[in-house]
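K.L.:
based on what follows, work out the 3D shape:
(chains A and B)
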There are 2 protein chains.
Amino acid sequence: MGSTGEYESQRRVPVPPSKPFLKSLQARLKETFFPDDPFRQFKNLPISNKFLLGLQYFVPIIEWAPRYTFDFFKADLIAGITVASLAVPQGISYASLASIPPILGLYSSFVPPLLYAMLGSSRDLAVGTVAVASLLISSMLGKEVSPTENPKQYVQLVFTATFFAGVFQASLGILRLGFIVDFLSHATIVGFMGGAATIVCFQQLKGILGLVHFTHETDLVSVMRSVFSQIHQWRWESAVLGCCFLFFLLLTRYFSKRKAAFFWINAMAPLTTVILGSLLVYLTHAEKHGVQVIGHLKKGLNPPSASDLAFGSPHLMAAIKTGIVIGIIGLAEGIAVGRTFAMFKNYHIDGNKEMIAFGMMNIAGSCTSCYLTAGPFSRTAVNFNAGSRSAVSNIVMATAVMFTLLFLTPLFHYTPLVVLSSIIIAAMLGLLDYEAAIHLWKIDKFDFFICLGAYLGVVLGSVEIGLIISITVSLLRIILFVARPRTMVLGNIPNSGIYRSMDQYQIANSVPGILILQIDAPVFFANAIYLRERISRWIYEEEDGLKSAGEASLHYVILDLSAVGSIDTSGISMLEELMKNVHRKGLQLVLANPQSEVMKKLDKSKLIDKIGQGWIFLTVGEAVSACNCMLHTCKSIHVAVDQNAEENKV
Amino acid sequence: MGSTGEYESQRRVPVPPSKPFLKSLQARLKETFFPDDPFRQFKNLPISNKFLLGLQYFVPIIEWAPRYTFDFFKADLIAGITVASLAVPQGISYASLASIPPILGLYSSFVPPLLYAMLGSSRDLAVGTVAVASLLISSMLGKEVSPTENPKQYVQLVFTATFFAGVFQASLGILRLGFIVDFLSHATIVGFMGGAATIVCFQQLKGILGLVHFTHETDLVSVMRSVFSQIHQWRWESAVLGCCFLFFLLLTRYFSKRKAAFFWINAMAPLTTVILGSLLVYLTHAEKHGVQVIGHLKKGLNPPSASDLAFGSPHLMAAIKTGIVIGIIGLAEGIAVGRTFAMFKNYHIDGNKEMIAFGMMNIAGSCTSCYLTAGPFSRTAVNFNAGSRSAVSNIVMATAVMFTLLFLTPLFHYTPLVVLSSIIIAAMLGLLDYEAAIHLWKIDKFDFFICLGAYLGVVLGSVEIGLIISITVSLLRIILFVARPRTMVLGNIPNSGIYRSMDQYQIANSVPGILILQIDAPVFFANAIYLRERISRWIYEEEDGLKSAGEASLHYVILDLSAVGSIDTSGISMLEELMKNVHRKGLQLVLANPQSEVMKKLDKSKLIDKIGQGWIFLTVGEAVSACNCMLHTCKSIHVAVDQNAEENKV
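P.N.:
Below is the predicted model of the structure:
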């Protein structure tokens, strides 16, 4: 690599001009909270257009409604009705999972979908109640107020928790803190959902076996103890019915999985089992032979429930805590599902906007006798497969549910509870994503253990314990990555000026007299001491190896800082100490490719002058060339370096 | 850069051979817990040598004692006596800070230094009680048991807490968890120490003003309220004495700071004030005029206190909690001080070994009437300046303290408490490291705010709140770095094949038709979604800019993965989604310089085949060359790429 003077001067690593603190803070905050730059489209527009755009931003239906066509509507009509046939039985089932009256499950499929259709940005999400949140509600609030002994107060607490979930969700969106949801990694969600599904399945033994009393604990041991301590209470009529329906549901799932066009078999199956089950009970009067039925459901639309919000309750803290937990779980599932299907159709979902939509829908829900709703995967998949084109399918579904509420509720009088249990089990088995767990094991063992931790935490402890375990382990992974960064020895790729890790590239050769190290992470307080010691060990081992091999001794230590994206004061101190250590050994420290933040801090701490501007290079290749030049031809400069080292010894 | 076929094949990015899981886990664990490779020296040795080396490893005195000379001893004798003259008044003062009898402060300077001399690896550390831990003990345990009303039980709790601090310290060392201490960054410690020093100074107004009753709270508001609510109790005799002594102490500090050879003036000053103060009180009988004195101190060495450890106490949990907090604070200060001075003399301190030494010293201390000891900075600096050569100076100091305990305790009968307060204030003012805070502000604003948070947390809240705030903020910084990594657009440095950030290098030019992005952090679940959206925005903005400038459209997106040290399954999914997005836009995704872990996971997830081995290059330069070749000369291949993109659209 020949070089002229001008060429050389061009290739110095520049020190970035110092920016005023407030300006760089502003840039940093913008990148943290507004990475998607939502104000971009508002630039250079008259005020009226800005207002319209703002309205369209917060109420997307205004944006897309004018472009809505009759073709779209036909597709949405079919999808909406298909989803409704699933939503009605699932709504009733999940309400029983949350230990609240079944009718609330139907109410929850009416108001929230209408609101989401106006505010949400997903075209495929089918809004409804979700199993895991229902389980969480009954386990967290059931500890405070018994749903059987004090049903009115319990339902009030459920509405209050839903209200706080909505407030929490909307606040996250408004405060642009949506990225908090990203901390629930895919591995966490797989393990967590699997654990919850396992527990829910075993809990359904209550319904299948026709048991009346049952534990409120959600760990496996308590549930199984509750089941087997009541063997003499098991009802065979109920069990036979339950197993038949479960078999039917799993069979339809199997068929529709084999051929995507048969998705509607799977979608219609729950409604079919409800109709069949109800007919059977009605005709055989099985309700008098130990098969429990839903009983009377009130006709009519959602009654207002704003006055039921129990802000003065002694259990308010429990309601807030439950609200936050179910709120974040609902968001995590809903946004993940929305993003997945948006990707299929190549459109974009704005996480923060979705959170506001979810929050508004739950706040409104809590005032109209609904409990927590989100975007369940199963329902959304049915919606997508049925060919939905826009959020209008949610409106269709809500209308169908409204129709049910107004006219059809008496039909559910004879629906046996065991059918609901079968529906829940069939849905939950779909959440046991063992293939995803195997995939995690194959690609990333650490992720697998996070997933396993979440699963075991939920199954053996409680839903909250599982959640806490897996989030802690996930964060520990990040911290461990930073606390123990890799340092790699680089070697020269033959016939090139490229230097790469000798571990990764077997063909790379080490350079005599020069040790080239790459640091693989930001240098922070958490790893500064480790890095100093580890680099000292590399130097020690290299000198040791050279000595025992009788080769030329070490003269230069080149640090490749390409991957050091950030550095703090501890990191700068570390570099300074390292430099002193290296000089004391009579070696020279050379830096290659420091990034702008590192250069800025090296400059501000005056370390740049102590190391010497001339020892900072644009690439490892140039650093090696310069060192080699010193070693073999320009001895005079090398002597000066040694003197420098001598001075630093004092 | 010309290239032959053989040359080309050499320069592919290799997929690392897959290692068995247990082997890579073992390597990872070794790098995490044994980065210093302590077993290195044990390799290939006969068993007897191994035993001797092991003994030397755990009891360093066996290693260095045979090499100890008379010259060393002369130096250590002078240093030890100098430190003792500081240790005796400081010991008494800090004991009063911990609300325990003054004699315990002297006991604590006798047994622990002897043990440290045998087990410790620092040659300069002077062991003794520390102000911050003393403050913590009185604030945390004083809440449980009143030291004035129930002194016996309080002292038992102090011993118990010291015992648990020792157990915790030793366990950290044995379990190789020493790196936990590194999470207390320099910024945290500066703020924390400064806050504690501020509080301690204001608390000393009690002694200076001769107050009898005083608050046990440690926040500034409570302390100032306690001082000013008792204005009519202020004693002017005490205040005048205190101010005179404080002035004297600060004057000696000022002199010894100006000339390093005068360090002994500073070291001797506390003992001088104690002697002067005692004489003054003795001669003027000031103890009868409102000047409180220490009173009777028992002669004799440390009585055993193992039977005082209150394992059955109802306050056991408080003792354990206090033990853990003071244990980690003691370690953080002790190890930081030890490392600092080891650096001056160019020897190495093993953090984990130090922790075992500290732990053993505190366990032994708790059984011999000592409370928590560590390595205070002030005492160690005096030791270093007095020319100590080895841990023998600690033995000399302990012997001098023993002499004091056996014969000189009656001399302290008339020592006024106000002298102790002056000594504490003078020492604390030295801990207010405002220069370090200014340095933090200059180099790294974020570190400054961590420091400020710790300071304000301690001053306005409590010591624990300050600690929790600053550790949380420090960890948040790491997590935020990973959650919001920078992505940078790279450009070509003229007349070279080097590509660097266009922000940092003004001279870099963009390459027409190609967008080159660098990701600056590991790709984890916490940033996968952000990165996907941010990269999509880069592409969108680039296309937008090109369109409005009427330039050639975009064809390639090159991702420089040099700085991506790690990736998890969420990261792999992100890359896959990004690839689909890019293909859907008719562009081609190209990867440059993926590291071995990224290559391994790309391979395992089969993503490498979807992207195409041919689109993964060793350097950005080679990737650009290949893309340019496709763009300008090899049109046929380019068409194939477009078809590929078409297929992916479906």
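K.L.:
which stretches in chain A count as strands?
P.N.:
Here chain A has its strands, by DSSP state E, at A:128-129, A:373-374, A:487-492, A:499-501, A:514-519, A:556-560, A:588-592, A:616-617.
K.L.:
any chance of these in a markdown table with mean pLDDT, mean neighbour count and distance to chain B as columns?
P.N.:
Using the backbone N, CA and C atoms, a C-beta is placed for each residue, glycine as well. As requested, those are exported to a markdown table (pLDDT from 0 to 100; neighbours: other Cβ atoms under 10 Å in any protein chain shown; distance: least, Cβ to the nearest Cβ, whole Å):
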| stretch | mean pLDDT | mean neighbour count | distance to chain B |
| --- | --- | --- | --- |
| strand A:128-129 | 93 | 30 | 24 |
| strand A:373-374 | 94 | 29 | 18 |
| strand A:487-492 | 93 | 21 | 8 |
| strand A:499-501 | 93 | 23 | 7 |
| strand A:514-519 | 95 | 24 | 9 |
| strand A:556-560 | 95 | 25 | 9 |
| strand A:588-592 | 95 | 24 | 12 |
| strand A:616-617 | 93 | 22 | 11 |
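K.L.:
save these as TSV, and put in distance to residue A:276 too.
P.N.:
Below are the strands of chain A laid out as TSV (distance: least, Cβ to Cβ, whole Å):
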stretch	distance to residue A:276
strand A:128-129	23
strand A:373-374	28
strand A:487-492	65
strand A:499-501	64
strand A:514-519	66
strand A:556-560	70
strand A:588-592	73
strand A:616-617	78
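K.L.:
residues touching stretch A:601-618, excluding its own?
P.N.:
A:11-13, A:15, A:18, A:567, A:569, A:571-572, A:575-576, A:579, A:588-594, A:599, A:623, A:626, A:644, B:439, B:442-444, B:493, B:498, B:500 (Cβ atoms under 8 Å, 6 or more residues apart in numbering or on different chains).
K.L.:
just the buried residues of the residues you listed.
P.N.:
A:11, A:13, A:15, A:567, A:569, A:571-572, A:575-576, A:579, A:588-594, A:599, A:623, A:626, B:439, B:443-444, B:493, B:498, B:500 (16 or more other Cβ atoms under 10 Å in any protein chain shown).
K.L.:
apart from its chain neighbours, what residue comes closest to the most centrally placed residue in chain A?
P.N.:
Closest to where the C-alpha atoms of chain A average out (Cα atoms, centre = their mean) is residue A:184, at 3.4 Å. Leaving out its chain neighbours, the residue that sits closest to residue A:184 by Cβ to Cβ, 6 or more residues apart in numbering or on different chains is residue A:332, at 4.5 Å.
K.L.:
can you check residue A:122 too?
P.N.:
residue A:338 (4.0 Å).
K.L.:
before we move on, what about residue A:453?
P.N.:
Nearest one to residue A:453, counting by Cβ to Cβ, 6+ apart, is residue A:469 at 4.8 Å.
K.L.:
ok, that neighbour touching residue A:457?
P.N.:
Yes. With contact defined as Cβ atoms under 8 Å, residue A:469 reaches residue A:457; the gap is 4.1 Å.
K.L.:
ok so, going back, figure out which of the strands of chain A is closest to residue A:400.
P.N.:
Proximity to residue A:400 (Cβ to Cβ) singles out strand A:128-129 among the strands of chain A, at 12.4 Å.
K.L.:
what distance separates that closest one from the middle of the whole chain?
P.N.:
19 Å (Cα atoms, centre = their mean, to the nearest Å).
K.L.:
parallel or antiparallel, list what pairs with it.
P.N.:
Paired neighbours of strand A:128-129 in the sheet (DSSP bridges): strand A:373-374 (antiparallel).
K.L.:
report pLDDT for residue A:144.
P.N.:
pLDDT, residue A:144: 90.
K.L.:
so who does the residue nearest to the centre of chain A touch?
P.N.:
A:192, A:328, A:332, A:471.
K.L.:
what's the answer for residue A:95, then?
P.N.:
A:101-106, A:108, A:129, A:134, A:371.
K.L.:
now, which of the buried ones among the contacts of stretch A:601-618 lie within helices?
P.N.:
Among the buried ones among the contacts of stretch A:601-618, DSSP state H puts A:569, A:571-572, A:575-576, A:579, A:599, A:623, A:626, B:439, B:443 in helices.
K.L.:
which among the contacts of residue A:95 end up buried?
P.N.:
Judged by 16+ other Cβ under 10 Å, buried ones among the contacts of residue A:95: A:101-106, A:108, A:129, A:134, A:371.
K.L.:
what sits against residue A:578?
P.N.:
A:531-532, A:535-536, A:589.
K.L.:
listing request: residues of the stretch 551-650 of chain A with sub-threshold pLDDT.
P.N.:
A:633-650 (pLDDT under 70).
K.L.:
who in it is up against chain B?
P.N.:
A:562-563, A:565-566, A:568-570, A:572-573, A:577, A:580-581, A:584, A:593, A:595-596, A:599, A:601, A:604-605, A:618-619 (Cβ under 8 Å from any Cβ of the partner chain).
K.L.:
hmm, back to that, pick out whichever of the contacts of residue A:184 sits closest to chain B.
P.N.:
residue A:471 (10.6 Å; Cβ to the nearest Cβ).
K.L.:
burial of the residue nearest to residue A:184, as a residue count?
P.N.:
Residue A:332 is flanked by 22 other residues according to other Cβ atoms under 10 Å in any protein chain shown.
K.L.:
now residue A:52
P.N.:
Counted with other Cβ under 10 Å, residue A:52 comes out at 14.
K.L.:
check the one 3 residues further on too.
P.N.:
Using other Cβ under 10 Å, residue A:55 has 12 neighbouring residues.
K.L.:
ok, it touching residue A:49?
P.N.:
No. Assessed by Cβ under 8 Å, residue A:55 is found out of contact with residue A:49, at 10.7 Å.
K.L.:
ok, now how distant is residue A:124 from residue A:375?
P.N.:
9 Å (Cβ to Cβ, to the nearest Å).
K.L.:
and for residue A:239?
P.N.:
In terms of Cβ to Cβ, residue A:239 sits 34 Å off from residue A:375.
K.L.:
counting neighbours, go ahead and name the busier of those two.
P.N.:
Taking other Cβ under 10 Å, residue A:239 and residue A:375 do not tie; residue A:375 has more neighbours (27 against 15).
K.L.:
residues contacting the more buried one?
P.N.:
A:122, A:125-128, A:333-335, A:337-338.
K.L.:
possible to save the contacts of residue A:184 as CSV with pLDDT?
P.N.:
Shown next, in CSV, are those (pLDDT from 0 to 100):
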residue, pLDDT
A:192, 87
A:328, 91
A:332, 87
A:471, 84
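K.L.:
which of these fall within helices?
P.N.:
Those of the contacts of residue A:184 lying in helices (DSSP H): A:192, A:328, A:332, A:471.
K.L.:
got a winner among those for most neighbours?
P.N.:
Ranking the ones in helices among the contacts of residue A:184 using other Cβ under 10 Å puts residue A:192 first, with 28 neighbours.
K.L.:
distance check, the residue nearest to that residue when sequence neighbours are not counted against residue A:198.
P.N.:
Distances taken as Cβ to Cβ, 6+ apart place residue A:454 nearest to residue A:192, at 4.4 Å, with adjacent residues excluded. Residue A:454 sits 12 Å away from residue A:198, going by Cβ to Cβ.
K.L.:
contacts only, for the nearest residue in space to residue A:514 that is not next to it in sequence.
P.N.:
Nearest residue to residue A:514, sequence neighbours excluded (Cβ to Cβ, 6+ apart): residue A:556, at 4.6 Å. Contact analysis of residue A:556 by Cβ under 8 Å, 6+ apart lists A:513-515, A:587-588, A:590, A:627, A:631.
K.L.:
no further queries at this time; thank you.
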